[in-house]
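1. Give the three-dimensional model of this entry:
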Amino acid sequence: MRFPSFALTLMAASMSLMVGGLDITHPLMAAQPPQPSQKISLKFKLPKRAAPVAGVVGGATRNFCVAGNLPLATLTPPNRLGLTTGSRPTFYLHVPQTSAKSAELVIKDINNQDVYRTSFPLDRNTSGIMSVQLPESAPPLEVNQYYRWYFSLVCRPSDRLEDVFVSAWVQRIEPDRGLAQALQQTNVRQRASLYAENGVWYDALSSLVQLRRLNPNDPKVTTEWSEFLESVGLE
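-> Numbers count the residues shown, from 1 in each chain. Model prediction:
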């Protein structure tokens with residue numbers, strides 16, 4: 001599935017909303033000097049592991065609360081499994097134009113038991129790329145465990161069968177000693193490359209988002225962003 005707007009914009013609607021500690025805007029970074037613009041490879045290498053069950057794209061057949069040509073979709077590799085080294089990672093989605101007034105995020109463990117669940121309001125102008133970062137109040141993901149996360153647009157609160165939703169998998173890993181040491185000696189661009197080379201999807205994507213925010217007018221960063229997305233068929 002191709003999303004041309006991914007290469008140009010991180011979020012069409014500017015949001016700065018905190019709901020119960022849940023950050024649903026792009027992570028805010030402290031001011032830093034521009035990163036050196038050396039060219040490095042940012043092609044993502046899929047790890048040799050698969051999700052327990054394929055991720056799901058679902059929702060009401062009428063989809064009456066969304067508009068536009070681009071659907072609600074997770075920014076994940078083709079197998080919908082992403083690795084992270086973080087205990088509370090950030091997830092990224094494309095959110096289409098919608099009349100839904102609220103959304104829901106659910107994290108479930110391998111046994112389909114709720115780990116975390118929260119709802120939050122949506123601005124009427126919300127569309128584009130949205131990030132959802134798990135707050136400190138959420139239970140930390142355990143190392144080597146699989147979790148499935150669901151994002152739903154609540155089209156009709158009185159009938160949740162009308163929800164438009166997507167899901168994907170996340171697994172937290174412990175980086176090996178070599179990767180951990182290398183990450184301590186890198187800038188944002190190099191860190192993104194290391195994560196991509198080692199198949200750590202969510203961390204690579206978050207590093208690239210940070211890099212684009214720090215260098216919004218750097219053509220090399222734009223090229224690297226496109227290269228990363230193209231490597232998994234998202235551009």
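
2. check contacts around Thr85.
-> Counting by C-beta atoms under 8 Å, 6 or more residues apart in numbering, Thr85 touches 172-175, 200, 203. In this view, the C-beta of every residue, glycine as well, is placed from N, C-alpha and C.

3. tell me which element the most centrally placed residue in the chain is part of?
-> The chain has Tyr92 as the residue nearest its centroid, 2.1 Å off, counting by C-alpha atoms, centre = their mean. Element membership of Tyr92, judged by DSSP states H and E, is strand 90-95.

4. Show me what that strand is packed against.
-> With contacts taken as 3 or more C-beta pairs under 8 Å, 6 or more residues apart in numbering; DSSP states H and E, strand 90-95 sits against strand 73-74, strand 128-133, strand 146-153, strand 164-172, helix 201-214.

5. Would you reformat those as CSV and include mean pLDDT, mean neighbour count and distance to Asn63?
-> Shown next, in CSV, are these (pLDDT from 0 to 100; neighbours: other C-beta atoms under 10 Å; distance: least, C-beta to C-beta, whole Å):
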stretch, mean pLDDT, mean neighbour count, distance to Asn63
strand 73-74, 92, 20, 13
strand 128-133, 90, 20, 18
strand 146-153, 95, 21, 9
strand 164-172, 94, 23, 6
helix 201-214, 94, 23, 26
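
6. quick one: which of those is nearest Ala100?
-> strand 146-153 (4.1 Å; C-beta to C-beta).

7. Give me the packing partners of the closest one, helices and strands only.
-> By 3+ C-beta pairs under 8 Å, 6+ apart, strand 146-153 packs against strand 90-95, strand 102-109, strand 164-172.

8. same thing but at 6 Å, please
-> The helices and strands touching strand 146-153, judged by 3 or more C-beta pairs under 6 Å, 6 or more residues apart in numbering; DSSP states H and E, are strand 102-109, strand 164-172.

9. can you put these in CSV and add distance to Ser137?
-> Converted to CSV, the helices and strands packed on strand 146-153 look like this (distance: least, C-beta to C-beta, whole Å):
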stretch, distance to Ser137
strand 102-109, 13
strand 164-172, 18
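
10. Ok, which of the ones you listed comes nearest Gly68?
-> Of the helices and strands packed on strand 146-153, nearest to Gly68 by C-beta to C-beta is strand 164-172, at 12.3 Å.

11. pull the CA atoms of that closest one into PDB?
-> Provided in PDB are the C-alpha atoms of strand 164-172 (Å, rounded to 0.1, in the frame of the first residue of the first chain):
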ATOM      1  CA  VAL A 164     -12.900   1.600  11.800                       C
ATOM      2  CA  PHE A 165      -9.800  -0.100  13.200                       C
ATOM      3  CA  VAL A 166      -6.300  -1.400  12.400                       C
ATOM      4  CA  SER A 167      -3.900  -3.500  14.400                       C
ATOM      5  CA  ALA A 168      -0.200  -4.500  14.400                       C
ATOM      6  CA  TRP A 169       2.300  -6.300  16.600                       C
ATOM      7  CA  VAL A 170       5.100  -5.100  18.700                       C
ATOM      8  CA  GLN A 171       7.900  -7.100  20.400                       C
ATOM      9  CA  ARG A 172      10.300  -5.600  22.900                       C
END
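
12. where's that strand relative to the chain centroid, distance-wise?
-> Strand 164-172 sits 9 Å away from the centroid of its parent chain (C-alpha atoms, centre = their mean, to the nearest Å).
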